[in-house]
Each structure stands twice: as C-alpha cells, then as structure tokens.
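Peer 1: Predicted model and sequence follow; I will ask about them next.
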Amino acid sequence: MTTLPSHRTHDLVALARRSHAVIREHQHASGAYPASPTFSAYRGYAWLRDGGFTAEGMSRYGDLASVNAFHDWVDATLSARRDQVDELVALRAAGREVPRDLLLPTRFTLDGGDGTDEWWDFQTDGYGTWLWSVVTHARRHGLDPGRWRRGIEVAVDFVGAFWDRPCFDWWEEHDEQRHVSTLGAIVGGLEAVAGAGVPDAARASTCRDVAARARALALAEGVADGHLTKWLGSTAVDGSLPACVVPFGLVEVGSPLARGTVAAVARDLDADGGVHRFLADVFYGGGQWLLLSCLLGWNLAAQGDTEGARRLLDWVAAQAADSGEMPEQVGHHLLHPHTRAEWVERWGEVATPLLWSHGMYLVLADELGLLEGVQA
Ligand code: BGC
C-alpha cells in the first residue's frame, strides 16, 4: 500500500508552472542556477551537474532566455579557464603528476569563481552533463551550438584528459573509485558534442574515441547480475544509474542491460515511489530523492511504462511543500534514521528548494505530456 504524506497532492500542471517560477526566481543575474539558494552548505554556489539537468527541464518548458543565459554563464566560466586546462592537458600528455588543486572545480560561485570554501573537488560528471545539456538544448530549439563553442572546447579537453581517473561520484563520495554514472555522463556529453558539428575535426574525433573507450570500460568492469553497477568492480546499484540509459545512452533503451539496470534500481532503491541514492546512504539518514524518482520515471517512460512513470511523478508531486517548493530529499523512509540528526546539526534542515528537483520534475512532466500548452 502506498503511503503518501498527509499534505495534499498538488495539481501536476500547476506544479510544473511553479517549478519553472522557482527556478526563474532564483536564477542569478549572471545566468547561474544556484543549487539551493537558502541551504547553508550550497548557498552561493552552482554545480554543472545540477545546472545541466535544471537547464534541460527549463529547455523543455520553453524558457529559452533562462537556458541561454545559463549556458552563456557556463561558457564564460569555462572559457576563463582556457589556459589552466591547456596546462593540465600538457602535464597529462607529458605523463607528469597533476596536482589536485590545479584541476577544475566541481562547483562555481555564482559569478563564475572557484570560491574559497573547501569542497569535494574533482568530479568529471558535471562537465559531461553540461556538454549533453547544451547540445540537447541547441538541437531542440534550432539554435547554433557554436554560441557556446569556447566553453564546449574547454569541457571536452578537460574530460578528454581526465575521464579515466578515479574521482568523486554524483554524491561527492568515494574518490578512490571509478563510477559508472560518471562514465555515463561522459559518454552522453562527448557523443552529443561529436554529433553537433561544434568542435574541430581533431576534437570531434577525440570525443568519439574517448566515448567509445569509456563505454567499453563500463561494460567490461561495471556490470554484475545483468545490471550496471555503482562503480567498477562493485555489485551494488546506485539511483543515478538509470541516467546511463536515458538520457546519456551508454546503453540502449530497451536493451537487456538497460532493462536490467532500471529494474535493479527499482527493486533495491524505490520505496513506494521515492528513490534512495544507494543502500549505504547516511546523508540526512538516507532519505528518498525527488530527482531520482524523476530519473527513474523518465526511464520507465522511455521503456513505454507510462503508468509506472506517472506513479513516480505523483509521488514527487506529493512531496512538494504547500508553497510548491521541492526539497532535495524527504525523510518518510530513512535507510539509516540514526544518522539524520548529525546532519541537521551540521548543515540545518534538508535543502529546500533544490532547483535540480524542480528541473527534473519539469523533465518528467514533459515526458508524460503534461507541459503541452503550458510552456513559456
Ligand atoms: C549532492 C550533489 C549535488 C549537490 C548540490 C550534494 O549533496 O550529493 O549531487 O550536486 O548536493 O545540490
């Protein structure tokens, strides 16, 4: 029996409008999408991972001005690091040790700086996600992706040089591992760019080559029991893995491995429509993440399971506050309840609103046809 929280379920279309408004309201004048404007540990910072998916939701909603401004911001932010990336690529090519503090960061301040707060840098998935997002947006709206060429080149060069290094995952953990969802974002981003006619022939060929090698590595070492795994050599799943199917296409929708991955995530991590990150998650007690329910729903919709996708959208809608704001996670079903208090003490209550949750709601609402006639 499905247990929904006591507050009312919002009207799904009204919640899409509200999601757009929340993202718009908090988008910085620079174009950056802050991860969560009010949450202590995220305030003042924008992530390429969150932003790339948020931009996809806004692109589907049809807010071109907002999405173009976001991609302009990323383009300027990355272009400013052209020399830094040239230096990194040269060190790498010479087989020299690359100091961590020289690598590009995971998140940026809203005006495109590195910021001074310590964070779990180095993560490559956000760069792949942004490449996929900017090209997908341009294609959807018939725009010339050449507008973002300089930033695209920096991201391609960075990912091309460091794609096979262990790094922190989507959840900013386990930098000793190579994560399959990270490889998925890299494949998705590089293949999108290779087909977009933006980079010169040499870079386009690097994109294809690195994407092929990343896919081969994931398939050789990141599969167990018929599903993709959390990291190379593991047997566990992670709630981010469906992204390797849709949208990143590391494996083809409907293939046995794609179906096996989506089914394993649903079996191990979906509790009544709310999807956990992974079984050992202790962050705020290990609750259910709205954006992961949307990701699973997006994949079910792509497999033709509209009813399953709608069930997940309904669950997400039921988690919104009366104001329509969506949190990062909810705590009705905690995997490790005893660890929640220490996080509340450290960083305060769960991040709300989380713009990525709203962006993913827009994506799934669009997959289910709910945005028709609503778009900006
Ligand atoms: C999550 C990341 C996310 C960041 C900002 C972290 O707690 O693990 O996936 O990018 O918050 O939303």
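Peer 2: Nice, thanks for sending it over.
Peer 1: The closest residue to the ligand within the stretch 51-200 of the chain: what's it in contact with?
Peer 2: Closest contact between the stretch 51-200 of the chain and the ligand, by CB to the nearest ligand atom, is at residue 171 (4.1 Å). Using the backbone N, CA and C atoms, a C-beta is placed for each residue, glycine as well. By CB atoms under 8 Å, 6 or more residues apart in numbering, the contact set of residue 171 is 240, 277-278, 281, 283.
Peer 1: go on, residue 56?
Peer 2: Applying CB under 8 Å, 6+ apart, the residues near residue 56 are 133, 136-137, 247, 359, 363.
Peer 1: Repeat that for residue 177.
Peer 2: By CB under 8 Å, 6+ apart, the contact set of residue 177 is 166, 169, 231-232, 234.
Peer 1: Kindly report the same for residue 360.
Peer 2: Here residue 360 is in contact with 53, 57, 290-291, 294-295, 298 (CB under 8 Å, 6+ apart).
Peer 1: Most neighbours among those residues, which one is it?
Peer 2: Highest neighbour count within the contacts of residue 360: residue 294, with 30 neighbours (other CB atoms under 10 Å).
Peer 1: Check which helix or strand that residue maps to.
Peer 2: helix 290-302 (DSSP states H and E).
Peer 1: after that helix comes which helix or strand?
Peer 2: Taking DSSP H and E, what comes next after helix 290-302 is helix 306-319.
Peer 1: how about stretch 313-321: buried residues?
Peer 2: Using 16 or more other CB atoms under 10 Å as the test for burial, stretch 313-321 gives 313-320.
Peer 1: and that stretch, how far out from the chain's middle?
Peer 2: 19 Å (CA atoms, centre = their mean, to the nearest Å).
Peer 1: Farthest pair within the contacts of residue 177?
Peer 2: Using CB to CB, the contacts of residue 177 span at most 13.0 Å, a distance reached by 166 and 234.
Peer 1: Compare the two (neighbour count), which wins?
Peer 2: residue 234 (18 against 15).
Peer 1: Tell me if I'm right that that one and residue 224 touch.
Peer 2: Yes: using CB atoms under 8 Å as the test, residue 234 is close enough to residue 224 to be in contact (7.3 Å).
Peer 1: hmm, back to that, of all the contacts of residue 177, which comes closest to residue 25?
Peer 2: residue 169 (30.0 Å).
Peer 1: where does the closest one land in three-state SS?
Peer 2: Secondary structure for residue 169, judged by DSSP: H, G, I helix; E, B strand; the rest coil, is coil.
Peer 1: so what's it closest to, chain neighbours aside?
Peer 2: Excluding the flanking residues, the one nearest residue 169 by CB to CB, 6 or more residues apart in numbering is residue 179, at 4.1 Å.
Peer 1: how close does the one you found sit to residue 257?
Peer 2: 17 Å (CB to CB, to the nearest Å).
Peer 1: same thing with residue 217?
Peer 2: Where residue 257 is concerned, residue 217 sits at a distance of 15 Å (CB to CB).
Peer 1: so residue 363 sits right up against residue 60, yeah?
Peer 2: Yes: applying CB under 8 Å, one finds residue 363 in contact with residue 60, separated by 6.1 Å.
Peer 1: Now for the two: what residues contact both?
Peer 2: With CB under 8 Å, 6+ apart, residue 363 and residue 60 have no common neighbours.
Peer 1: Please identify which of those two sits among more neighbours.
Peer 2: Between residue 363 and residue 60, counted using other CB under 10 Å, residue 363 has the larger neighbour count: 26 against 22.
Peer 1: List the contacts of that one.
Peer 2: Residue 363 neighbours (CB under 8 Å, 6+ apart): 53, 56-57, 60, 294, 298.
Peer 1: Which residue, neighbours along the chain excluded, lies closest to it?
Peer 2: Per CB to CB, 6+ apart, closest to residue 363 is residue 57, 4.9 Å.
Peer 1: just residue 249 next, same as before
Peer 2: In space, residue 249 is closest to residue 188, 5.9 Å off (CB to CB, 6+ apart).
Peer 1: follow-up on the earlier one: dump the contacts of residue 363 to CSV, plus distance to residue 21 and pLDDT.
Peer 2: As requested, the contacts of residue 363 are arranged in CSV below (distance: CB to CB, whole Å; pLDDT from 0 to 100):
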residue, distance to residue 21, pLDDT
53, 18, 99
56, 17, 99
57, 12, 98
60, 15, 98
294, 18, 99
298, 22, 98
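Peer 1: Farthest pair within the residues you listed?
Peer 2: Counting by CB to CB, the most remote pair of those is 60 and 294, 12.1 Å apart.
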